[in-house]
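In: Got a predicted model here, sequence first, then my questions.
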Amino acid sequence: MINVPVYAIPIGSALQPRDLAIASIDAPEAVFLRDQALVRSVLGTAGFEGEELTVRLESNGTVIQQQNITPSTDSTVVSFTLPADQPVRYDYVITSDPLPGELRSDNSSRGFRRKVVDNKARVLLLDGDARWEFRYLN
């Protein structure tokens, strides 16, 4: 075995690349008519800490809601509340405009679908005693 010294010289930037990405969307696939649906989205905001960002919720090219956020870490949660007024299927997109210095611009939007149904489940539970299931269904 030969003892040869090895010297590592790291190269590159110490700064994290700037990228705004819609990492995930948590939204119900179906909601009942006249209910409020909560949509939560996790944004990867690497390199944009302390800067004001605009995030929009759109449907068919129309802006439904818009939020301005100022992330303090490399991940931020944005929430939207959607009413269910008509029993149809909706296509939504959570998006942000490409920002200067951003690493990638193809991950700045993500879509999801939501269906509004107007028939509620009706349950008849007959039992001699009020059990846990009764309280749960009530």
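Out: Looks like it came in fine. This is a predicted model, so every value here is computed, not measured.

In: Next up, the contacts around Val116.
Out: By Cβ atoms under 8 Å, 6 or more residues apart in numbering, Val116 lies in contact with Ala30, Val31, Phe32, Leu33, Ala84, Asp85, Gln86, Pro87, Val88, Arg89, Tyr90. Yep, even glycine has a C-beta here, placed from its N, CA and C like the rest.

In: what do you get if the cut-off is 7 Å, keeping everything else the same?
Out: Val31, Leu33, Ala84, Gln86, Pro87, Val88 (Cβ atoms under 7 Å, 6 or more residues apart in numbering).

In: Also Lys115?
Out: Contact analysis of Lys115 by Cβ under 7 Å, 6+ apart lists Glu29, Ala30, Arg89.

In: where do the strands sit along the protein?
Out: Ranges of strands within the chain are 19-26, 30-32, 36-46, 53-59, 62-69, 75-83, 89-95, 109-117, based on DSSP state E.
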